[in-house]
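Undergrad: Okay, predicted coordinates and the sequence, questions at the end:
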Amino acid sequence: MMIKNILASIIEVELSSDKYVRKPYPAALHGLCYFLAGEDYPHKKFMPPFFHPFIKNWNSGKWGTKAIIQITCMENELTERMLNSLESLHDIRLGHGNLLIERFSLIKQEFIPLDSEQIAPVPNEFKIEFVTPTRFRTFKVDRYITKAYPDLRLFIRSASRQLHILYGLEIGLEEQEKLIQGIEIIHVVGYPVQVKIDAKAPYDDSFIGEMHLVCTKLSEKYKRLFGLLLKTTKYFGIGHKKGYGNGHIKIKKPRENFGYGG
């Protein structure tokens with residue numbers, strides 16, 4: 001039986017140390033999520049996790065370290081496990097040092113219906129901002145290749161694939177193509193960055209940046225379908241290694257700063 005609604009949650013954790021603690025590699029965030037979920041929480045290979053960690057703020061100096069981490073959860077049991085773990089902990093080890101848990105809270109929780117007809121349509125104009133390093137993988141002939149640049153087609157494919165794998169929701173290639181053809185791309189910027197998952201891993205090509213989109217040509221049906229993809233992507237992230245904190249996005253509407261450096 002297919003799930004009809006997703007309970008999406010955001011947990012925020014404020015951390016501190018009186019010592020300098022270097023900003024952790026993404027693998028440390030990934031490990032923290034599984035640690036908070038508990039030893040018996042299943043770690044399924046080749047399946048995207050139901051969490052997405054994000055470093056909101058990290059300040060370190062001779063005076064010490066202060067950090068804010070957010071973890072989005074798309075499964076109620078996982079959210080409860082993490083909150084229960086945080087309740088029992090005084091501090092956590094994250095990467096290169098131990099940090100005191102100053103506070104934690106459930107800052108947002110909402111039901112997301114998987115029926116796109118129940119989702120608010122996207123606005124006519126907005127930007128997708130790629131906040132953390134992002135990379136897309138696409139299959140070519142006999143192997144996966146990486147694209148480290150904002151690509152609307154790969155964005156829609158990645159978001160659709162995630163919903164299909166985790167919830168069985170089928171958004172076919174024809175529907176995806178109608179979305180792509182109906183969206184006008186006004187401006188795209190991608191700044192290349194090199195990212196390592198952990199200290200021993202090679203650097204991966206990635207990007208941060210944004211896409212400025214206009215959706216006036218989309219029908220109401222497809223505005224709602226795109227709304228569903230964006231709503232879930234804001235919690236899950238987009239692209240490759242989302243469970244490590246990659247691919248965190250924000251949606252910027254026209255009332256916000258739409259300048260291009262001027």
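TA: Structure's in. What do you need? Remember, it's a predicted structure, so these values are computed and weren't measured experimentally. Numbering: from 1, shown residues only.
Undergrad: quick one: the helices in the stretch 1-150 of the chain?
TA: Ranges of helices in the stretch 1-150 of the chain, per DSSP state H, counting those that start in this stretch, are 26-37, 76-88.
Undergrad: Quickly compare those and say which is most buried.
TA: Among the helices of the stretch 1-150 of the chain, ranked by average contacts under mean count of other Cβ atoms under 10 Å, first place goes to helix 26-37 (a mean of 20). Heads up, the C-betas are built off the backbone N, CA and C, glycines and all.
Undergrad: and that one, how far from the chain's centre?
TA: Put simply, helix 26-37 sits 15 Å off its chain's centre (Cα atoms, centre = their mean, to the nearest Å).
Undergrad: Pull the residues that contact it.
TA: Here helix 26-37 makes contact (Cβ atoms under 8 Å, 6 or more residues apart in numbering) with 41, 43, 49, 51, 53, 55, 69, 71, 78, 81-82, 85-86, 92, 94-95, 195, 197-198, 201, 241, 243-246.
Undergrad: just to revisit the earlier point, can you lay out the helices of the stretch 1-150 of the chain as JSON lines showing distance to residue 207?
TA: Compiled in JSON lines, the helices of the stretch 1-150 of the chain are given as follows (distance: least, Cβ to Cβ, whole Å):
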{"stretch": "helix 26-37", "distance to residue 207": "15"}
{"stretch": "helix 76-88", "distance to residue 207": "29"}
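Undergrad: I'd like those helices laid out as a markdown table, including distance to residue 231 and mean pLDDT.
TA: Shown next, in a markdown table, are those (distance: least, Cβ to Cβ, whole Å; pLDDT from 0 to 100):
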| stretch | distance to residue 231 | mean pLDDT |
| --- | --- | --- |
| helix 26-37 | 21 | 96 |
| helix 76-88 | 17 | 96 |
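Undergrad: so which of these comes closest to residue 102?
TA: In terms of Cβ to Cβ, the element of these nearest to residue 102 is helix 76-88, at 11.4 Å.
Undergrad: Taking helix 26-37 as reference, get the angle to that closest one.
TA: 90 degrees (axes from the mean of the first three to the mean of the last three Cα atoms, to 10 degrees).
Undergrad: on contacts alone, who are the packing partners of helix 76-88?
TA: strand 5-17, helix 26-37, strand 64-73, strand 97-113 (3 or more Cβ pairs under 8 Å, 6 or more residues apart in numbering; DSSP states H and E).
Undergrad: switch to 10 Å and redo it
TA: In this structure, helix 76-88 makes packing contacts with strand 5-17, helix 26-37, strand 51-61, strand 64-73, strand 97-113, judged by 3 or more Cβ pairs under 10 Å, 6 or more residues apart in numbering; DSSP states H and E.
Undergrad: Out of the ones you listed, flag the one nearest residue 154.
TA: Short answer: strand 51-61, nearest of the helices and strands packed on helix 76-88 by Cβ to Cβ, at 18.0 Å.
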